[in-house]
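[1] My questions concern the predicted model and sequence given below.
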Amino acid sequence: MANNRYVLFIIVLYVFSLPVLSHGEHNHGGHFNPDSLETVTVQGTAIVDSSDSHPWYYLDSNGDGQADFHLNFGPWWYEPDNGSATRPDDGEFISITGGKHDQTLFDFPTIVVYEINDEFWRDPYNPFWNNLGRHVHDDDHHHGNCTGFAFGWLNDTLRTLSVDGVAVIDTTFIHEQYYLDDDGDGTPEYFLNFGPPWYEPDSGAERPTDGESISIKGGVIADSNFSVIFVYEINGLVWRDSSRIDRHFGGGWMHKNMNEPKRIHDPFDQENWMQVNPAWNRMGRGRHGGMMPDSLFGRFLQLFPQNIPNTDNQHVFAGYEIGLFSGNGQNMMGQNGNCSGNMGFSSDADFQLHYSDIQIDGNNIDENTIQVKYWNEQINNWEYIDDADIDKENNTITFSTTEVSNFLIVTGDQVTSIIEDGIDTRVVDDFTLHQNYPNPFNPSTTIQFTLKHDTDVILNIYNVLGQGIATLLNDVMTAGTHTVDFNAQNLSSGTYFYELKIDDQSKVMRMNLIK
């Protein structure tokens, strides 16, 4: 009996020493931040280990019969929505393009697969929340292609559905993607569109955890792999007000002879909008001076800054795409291989852009230097919009223009650091926030701050998009200097922000995790 207990102890110890595995295909190495991955292309022979419940994939790149890379194809049930790419067979010679990550699970790197044999597999920067009803990964919609994510008006048959099931989460990248398995077979039937990672409802509703039983109500559209549910409610709590979303998910038609302005919103932030005014088509001056159609369908989307082309050295902290489509679905911008188009309207189009304090402070932007730029395809460069009005109290930018560009970016100068005794600090009236140390760090770092008086203190951690991921401190603290340790063992490499909030004051600073 004693020997049996000893064996059982060894088994339990072994099980609890195994790395934590993501749902579906084995360990993903945590949430990968695409910005931390080096894009590589390698060729070699596929090694497929089928001894487990779902195969493990490796690549022998030097022909010695040993694995040189672990290939991460995502969860075992993941397939690209379009195209003919498939997982390889054992012994098959393949070419892989993907993001390389050196991790501790293996003695060799992991490659998160983007392409296999020159066929598209997945896009690390795809703003999945903008594929509203068209969750597409094809040559016309993935990162690096100029046709954009404003897919037009192809889906106008949104119907409301209530469905129960189990949440299934793809954790490959730091921005988790949510699915629903409604029949208990472990394979999802629906893609759940909760909006961008930073969106949170006022109702207190939260995104589900992997394996959680949930009830979803939303607008559904059939798709190639998974039907897409645009979530209205989760577990009886409001996620998104369906009455504020028409059948085109925030887009809309502008007609030549319309008498009232037409306002088109970003589906996830009603403070981001474009308004087209009557008489917009009086001159009929379209792209490159060509004729404008009698009607246009417009979309207005916020994107990851990485999805905006040609933004190197621009200090972009917010980016937007405008799509304008003719009645037959033709994209009137970004045609002929160009990364952006411009359309000349006969009357002003009015714009409002909305940004957050986390975007400003986290990127160390001097708010007094904020500028809006549009891509001018005639000169192949970004140009300032000179008459933009910056409302720093409400975090909005408004302007009007007759030249409507496919892409807009919001930029600003970065604040010069304040150096005191060799330490980078940010000073506010009632406290001083220091740069974390060490920085960069792996996996632990220390955050230090000094208070002038006893007060309530909140210390939060955010990812690069301003999404809260941890609260390190929420307590009354005494006057003086304090230190708080932060362990990022379960996070992927990348940039994070920490915010110290005291009464009505707050300060945000940047830190870098490198694994």
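    Cool, got the structure. Since we're looking at a predicted model, the values are computed, not measured.

[2] Tell me where the stretch 251-400 of the chain has helices.
    Secondary structure of the stretch 251-400 of the chain (DSSP state H, counting those that start in this stretch): helices located at 357-362.

[3] what's Tyr114 in contact with, if anything?
    Applying Cβ atoms under 8 Å, 6 or more residues apart in numbering, we find Tyr114 in contact with Thr39, Thr97, Gly98, Gly99, Phe120, Trp121, Arg122, Asp123, Pro124. C-beta here means a position set from N, CA and C on the backbone, and glycine is covered the same way.

[4] can you rerun that using 6 Å?
    By Cβ atoms under 6 Å, 6 or more residues apart in numbering, the contact list for Tyr114 reads Thr97, Gly98, Trp121.

[5] and the chain, what are its domains?
    The chain is divided into the following domains under automatic domain parsing: 23-120, 157-244, 252-411, 418-513.

[6] if we can go back for a sec, out of the contacts of Tyr114, which is nearest to Met509?
    For those, the residue nearest Met509 by Cβ to Cβ is Gly98; the value is 32.2 Å.

[7] Which strand or helix spans that closest one?
    According to DSSP states H and E, Gly98 maps onto strand 93-101.

[8] which helices and strands does that strand pack with?
    Judged by 3 or more Cβ pairs under 6 Å, 6 or more residues apart in numbering; DSSP states H and E, strand 93-101 is in contact with strand 38-49, strand 110-116.

[9] Partner strands of that strand, with direction?
    strand 38-49 (antiparallel), strand 110-116 (antiparallel) (DSSP bridges).

[10] average pLDDT across the last one?
    Averaged across strand 110-116, the pLDDT comes to 93.

[11] quick one: Phe325 from Ser295, how far?
    Using Cβ to Cβ, to the nearest Å, Phe325 is found at 10 Å from Ser295.

[12] for Pro55, same thing?
    Relative to Ser295, and taking Cβ to Cβ, Pro55 is found at 51 Å.

[13] what are the ranges of the helices in the stretch 1-150 of the chain?
    Counting by DSSP H, counting those that start in this stretch, one finds helices in the stretch 1-150 of the chain at the ranges 2-17.

[14] what residue ranges in it are flagged as low confidence?
    Residue ranges of the stretch 1-150 of the chain with pLDDT under 70: 1-31, 82, 103-105, 127-149.

[15] swap the cut-off to 50 and go again
    Scanning the stretch 1-150 of the chain for pLDDT under 50 picks out 1-29, 133-146.

[16] in the stretch 401-515 of the chain, which spans are strands?
    Along the stretch 401-515 of the chain, the segments classed as strands by DSSP state E, counting those that start in this stretch run 407-411, 418-420, 423-428, 431-434, 444-451, 455-462, 468-477, 480-487, 494-502, 505-513.

[17] Kindly apply the preceding question to the stretch 101-250 of the chain instead.
    Counting by DSSP E, counting those that start in this stretch, the strands of the stretch 101-250 of the chain are 110-116, 119-120, 159-170, 177-181, 190-193, 213-221, 227-234, 237-238.

[18] Reformat these into JSON lines and put distance to Pro34 next to each item.
    Formatted as JSON lines, these follow (distance: least, Cβ to Cβ, whole Å):
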{"stretch": "strand 110-116", "distance to Pro34": "8"}
{"stretch": "strand 119-120", "distance to Pro34": "16"}
{"stretch": "strand 159-170", "distance to Pro34": "14"}
{"stretch": "strand 177-181", "distance to Pro34": "13"}
{"stretch": "strand 190-193", "distance to Pro34": "20"}
{"stretch": "strand 213-221", "distance to Pro34": "27"}
{"stretch": "strand 227-234", "distance to Pro34": "22"}
{"stretch": "strand 237-238", "distance to Pro34": "31"}
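
[19] Out of these, which gets nearest to Leu301?
    Per Cβ to Cβ, nearest to Leu301 of the strands of the stretch 101-250 of the chain: strand 190-193, 13.2 Å.

[20] Pull the residues that contact that closest one.
    Defining contact as Cβ under 6 Å, 6+ apart, one finds that strand 190-193 is touched by Trp129, His135, Tyr178, Tyr179, Leu180, Phe226, Ser227, Val228, Ile229, Phe230, Val231.

[21] Name the residues of that strand that are buried.
    By neighbour count with 16 or more other Cβ atoms under 10 Å, strand 190-193 contains the buried residues Tyr190, Phe191, Leu192, Asn193.

[22] if we can go back for a sec, what comes into contact with the strand holding Gly98?
    Contact with strand 93-101 is made by 29, 37-43, 45-46, 88, 109-117, as judged by Cβ under 6 Å, 6+ apart.
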